[in-house]
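[1] no letters, just coordinates:
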């Protein structure tokens, strides 16, 4: 009987730890434009801040900033890490849906689409071992139908 109880408690502890595993992508992240790379033209972003908050087995993401031409950036979405599509709202987002899956505590993958246009991309977000850098690599086809690959480097605030 004691052996069964010990096994049950051990299973419960492991399950609880898995359910509450750390999400190291959470926090406020500021784009380092100098370390980032944009494949098609000079970097079109002057400033960008991404706030990632825990939300029901997933994340709420709010992005604010300024494009190089002075246009404001303000988008947000809330998604679970199960690969289901979430709606992106805000001022002229490049894509209107995103689906995100969690690979591990430090890595996410995503698919971004504009349902009314040609923009389609996949992304991979990786948090550095020390937790201070977030690198987002995005590959796809932009609104003009041209292939691209961007590497955005963010620093934790």
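    Cool, the structure landed. Fair warning: this is a prediction, and the values are worked out from it, not measured in the lab.
[2] hey, where'd the strands end up in this structure?
    Listed from the start of the chain, the chain has strands (DSSP state E) covering 27-31, 37-38, 45-55, 58-67, 72-80, 82-87, 89-90, 97-104, 107-113, 120-127, 133-141, 147-156.
[3] who does the second one touch, helix- and strand-wise?
    Here strand 37-38 touches strand 147-156, going by 3 or more C-beta pairs under 8 Å, 6 or more residues apart in numbering; DSSP states H and E. Using the backbone N, CA and C atoms, a C-beta is placed for each residue, glycine as well.
[4] name the strands paired with the strand it packs on and say parallel or antiparallel.
    Strands that pair with strand 147-156, judged by DSSP bridges, come out as strand 27-31 (antiparallel), strand 37-38 (antiparallel), strand 133-141 (antiparallel).
[5] what sits against the spatially most central residue of the chain?
    The centre of the chain sits closest to residue 125, judged by C-alpha atoms, centre = their mean, with a distance of 5.9 Å. Residue 125 makes contacts with 25, 107, 108, 109, 110, 134, 135, 136, as judged by C-beta atoms under 8 Å, 6 or more residues apart in numbering.
[6] least confident secondary structure element in this structure?
    Sorting the helices and strands of the chain by mean pLDDT, DSSP states H and E puts helix 2-19 at the bottom, at a mean of 42.
[7] which residues does the closest residue to residue 91 other than its chain neighbours contact?
    Among residues not flanking residue 91 along the chain, residue 74 sits closest, at 4.8 Å (C-beta to C-beta, 6 or more residues apart in numbering). The neighbourhood of residue 74, defined by C-beta under 8 Å, 6+ apart, consists of 63, 64, 90, 91.
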